[in-house]
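Enquirer: give the three-dimensional model of this entry:
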Amino acid sequence: MKYLIPVFLLLLITGCKRNTSSTVSEAAPAPEWISLFNGKDLEGWVPKIKGELPGQDSLKTFRVNQGTIAVSYENYPEFGNRFGHLFYETPFSAYFLLVDYRFQGEQAKGGEPWAFKNSGIMFHSQSASSMLKDQNFPVSLEGQFLGGNGEDPRPTMNLCTPGTHVQMADTLFTPHCVNSTSRTFHGEEWVQAGFLVLKDSLIVHYVNGQEVLRYTKPQLGGDMAADASAEFQVQGSPLTSGYIALQSESHPLEFREIIITDLEPYFGDQEKLNEVIEGIREKTDQ
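Expert: Numbers count the residues shown, from 1 in each chain. Got it, this is the predicted structure:
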């Protein structure tokens, strides 16, 4: 799949405050795309299933299948609210992330009705090791993936906020989820999800290269972190970095081409950051 980053991406960076004391080198190398999935095994990834300790996945929810990471429930007698997440081992703070996903097959027995064709990417997340054994979801931001039922509109790449809040149009946004402007994908086609994440200054969601949602100032907040440890319940604490995790909510799906480019080395200098992102756009839009 062609990796698309819109021409207007540079305009999104204007929300970042320039730091004139930046130590970014004029000779800093252009960033490269890093693959987080090697296509062969789950090296670098850590599962966390509700009711199990980090690193355990007794029912083999997450597995590699013909070059994809498959989320499977074939070993589940029923889902039983065993929500799962597969964490990448390294945290990130400023980056562009691209992920291809598609829903497949039938929802697991016992899955919640709202979880039909429902999954996502958690980011700016707590680590797998910091989650409690019976915690449902990591404190994080979620780029929510939804698939259509063949009839009703159901946009994808929405935002959900387990234990967090964000600002939209300079106003604190406290509802748990907000829809994007994406169209609905009713079938089992591959969809490309994109995330521009600039610490806590700006986050933008993309679907197949088109902007569908933006917001700022992610922070801890709300009452949906009641099952997390106290350190993740400090209301208003900014989220400037964290882990990335693939979600398991009872509907089978696959992930492929999970790639990231690190913007952290350029974050202190807005002009340099603009230049680097323009270079990424030119390279990936060929």
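
Enquirer: helix or strand: which one has the residue nearest the centre of the chain?
Expert: Compute the mean C-alpha point of the chain, and by Cα atoms, centre = their mean the closest residue is I121, 3.2 Å away. Assigned by DSSP states H and E, I121 belongs to strand 118-125.

Enquirer: for that strand, packing partners?
Expert: Counting by 3 or more Cβ pairs under 8 Å, 6 or more residues apart in numbering; DSSP states H and E, the packing neighbours recorded for strand 118-125 are strand 94-103, strand 141-146, strand 191-198, strand 243-248. From N, CA and C alone the C-beta is placed, and that goes for glycine too.

Enquirer: cutoff 6 Å now
Expert: If contacts are counted by 3 or more Cβ pairs under 6 Å, 6 or more residues apart in numbering; DSSP states H and E, strand 118-125 sits against strand 141-146, strand 243-248.

Enquirer: elements contacting the last one?
Expert: Counting by 3+ Cβ pairs under 6 Å, 6+ apart, the packing neighbours recorded for strand 243-248 are strand 84-88, strand 118-125.

Enquirer: mind putting the ones you listed in TSV, mean pLDDT and distance to V197 included?
Expert: Rendered in TSV, the data for the helices and strands packed on strand 243-248 read as follows (pLDDT from 0 to 100; distance: least, Cβ to Cβ, whole Å):
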stretch	mean pLDDT	distance to V197
strand 84-88	98	14
strand 118-125	98	6
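
Enquirer: these: which one's closest to A193?
Expert: Relative to A193, the nearest member of those by Cβ to Cβ is strand 118-125, separated by 6.6 Å.

Enquirer: any weak-confidence spans in this protein?
Expert: Applying pLDDT under 70 to the predicted model, the residue ranges of the chain that meet it are 1-30, 279-286.

Enquirer: quick one on the thing from earlier: and the strand holding I121, how far out from the chain middle?
Expert: 4 Å (Cα atoms, centre = their mean, to the nearest Å).

Enquirer: also stretch 124-144?
Expert: On the basis of Cα atoms, centre = their mean, stretch 124-144 sits 12 Å off its chain's mean C-alpha point.

Enquirer: which residues sit against that stretch?
Expert: The list of residues contacting stretch 124-144 from outside it, by Cβ atoms under 6 Å, 6 or more residues apart in numbering, reads 46, 48, 50, 54, 83, 87, 120-123, 157-158, 160, 162-164, 205, 218, 225, 227-228, 232, 239, 242-243, 245.

Enquirer: output it in CSV with nothing but the alpha carbons.
Expert: As requested, the backbone C-alpha atoms of stretch 124-144 are provided in CSV (Å, rounded to 0.1, in the frame of the first residue of the first chain):
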residue,chain,number,x,y,z
HIS,A,124,0.6,7.7,24.6
SER,A,125,-0.2,4.6,26.7
GLN,A,126,1.1,3.3,30.0
SER,A,127,3.3,0.2,29.6
ALA,A,128,2.1,-3.4,29.7
SER,A,129,4.2,-3.9,32.9
SER,A,130,2.4,-1.1,34.7
MET,A,131,-1.1,-2.5,34.1
LEU,A,132,-2.8,-4.3,36.9
LYS,A,133,-3.8,-8.0,36.3
ASP,A,134,-7.6,-7.3,36.0
GLN,A,135,-7.4,-3.9,34.4
ASN,A,136,-9.6,-3.6,31.3
PHE,A,137,-7.8,-1.0,29.2
PRO,A,138,-4.5,0.8,29.5
VAL,A,139,-4.6,4.5,30.4
SER,A,140,-4.0,6.0,26.9
LEU,A,141,-5.4,7.6,23.8
GLU,A,142,-7.2,5.2,21.4
GLY,A,143,-7.4,5.6,17.7
GLN,A,144,-10.6,3.6,17.4
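
Enquirer: quick one: buried residues of that stretch?
Expert: When neighbours are counted by 16 or more other Cβ atoms under 10 Å, the buried residues of stretch 124-144 are found to be 124-128, 130-131, 135-144.
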